[in-house]
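# No letters, just coordinates:
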């Protein structure tokens, strides 16, 4: 069996082989000296590592994630005390600094300077994949703008986990994150999405779940199919599917944990409905306003409705 060379940052390989270190940060694996695993820590490259952590079950913490976190010079955590418990459990002792919504802009500048000096930094959130409804976007943008590499260490993500077991369409979906906390803004957002044909995915806090479902019933209809999930991969994992009205009743009996809410997309709107709606509105309103409202009412793309309105006017 010939030796194999694996270049690249953060590589780890499960092989019944051993490794030899080569110039240029490469590893060569040889069957002559068996070994079970080669840790990524032996060849960590400078750069920013976006590392996913468990959303509940510690068994979901990947070997590569643990190895990268053990090897980097610094870990930027959303909450250093919260993440400290996880890291201590796995014997990871890398220094930590906080990076959250209140200090991200300032902290990003500090981290970019360290990265430009050739250090390695990992970013983690309290649970799941960083940047998904969590801090990190400003940092990743700043690091890329500085020409420093950004590497992904993928893993758990609550909304993907919930979608995969929901039984709702997965070929096209839109992740909306957390809805606005103010009732008026929340209802407006949901009204804008009422005719969206893709599966819709939201996060919601335990103290707003009932209000959010009430507003979804008003915007989408009580019979629209959906799924609610909480405490995924934990002891009290809950996943329920059915009409929104039924899901609201289910949520009223639960109290702990943030929720993932998944809503089936709207049925496609017939083209005739768009034309009829546009015809009624253009008789009473300026063309641009009529097109905008027609798009909102039917769910049709605004640009297409506007072009249809222009073509009707030219006839």
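On my side now, so go ahead. Everything numeric in this text was worked out from a predicted model, so none of it was measured.
# Return the list of helices and strands in contact with the helix or strand containing residue 88.
Per DSSP states H and E, residue 88 falls inside helix 80-89. Counting contacts by 3 or more C-beta pairs under 8 Å, 6 or more residues apart in numbering; DSSP states H and E, helix 80-89 is packed against strand 74-77, strand 96-98. No exception for glycine: its C-beta is placed from N, CA and C like everyone else's.
# which one of those strands is the most hemmed in?
strand 74-77 (a mean of 24; mean count of other C-beta atoms under 10 Å).
# Low-confidence ranges, the protein, go.
Along the chain, segments meeting pLDDT under 70 span 1-42, 269-272, 315.
# Now with 50, please.
Along the chain, the parts satisfying pLDDT under 50 run over 1-42.
# Count residues in the vicinity of residue 91, would you?
For residue 91, the neighbour count with other C-beta atoms under 10 Å is 8.
# cool, residue 216 as well?
If you count neighbours by other C-beta under 10 Å, residue 216 ends up with 28.
# Helix, strand or coil: sort out it for me.
Here residue 216 is recorded as helix under DSSP: H, G, I helix; E, B strand; the rest coil.
# which non-adjacent residue is nearest it?
Excluding the flanking residues, the one nearest residue 216 by C-beta to C-beta, 6 or more residues apart in numbering is residue 244, at 5.6 Å.
# surely the one you found meets residue 263?
Yes: taking contacts as C-beta atoms under 8 Å, residue 244 lies within contact range of residue 263: 7.2 Å.
# Among those two, which residue is more densely surrounded?
Shown here are residue 244 and residue 263; by other C-beta under 10 Å, residue 263 has more neighbours (29 against 23).
# any idea how far that one is from residue 134?
To residue 134, residue 263 is 22 Å away according to C-beta to C-beta, to the nearest Å.
# now do residue 163
For residue 163 relative to residue 134 (C-beta to C-beta), the value is 18 Å.
# Residue 242 too?
Noted for residue 242: a distance of 29 Å to residue 134, by C-beta to C-beta.
# More neighbours: which of the two?
Legend: neighbour count by other C-beta under 10 Å for residue 242 and residue 134, higher for residue 134 (19 against 14).
# contacting residues for that one?
Applying C-beta atoms under 8 Å, 6 or more residues apart in numbering to residue 134 gives the contacts 78, 125-126, 128.
# repeat that with 6 Å
residue 125 (C-beta atoms under 6 Å, 6 or more residues apart in numbering).
# so it sits in a helix?
No: counting by three-state DSSP, residue 134 falls outside a helix, being coil.
# Phi and psi next, for the spatially most central residue of the chain.
Centroid-nearest residue in the chain, with C-alpha atoms, centre = their mean: residue 132, separated by 3.4 Å. Taking degrees, to the nearest 10, you get phi -90, psi 100 for the backbone angles of residue 132.
# and the spatially closest residue to it that is not a sequence neighbour, backbone torsions?
Closest residue to residue 132 apart from its sequence neighbours, by C-beta to C-beta, 6+ apart: residue 157 at 5.9 Å. Backbone geometry at residue 157, expressed as degrees, to the nearest 10, gives phi -150, psi 120.
# Kind regards, and thank you for your time.
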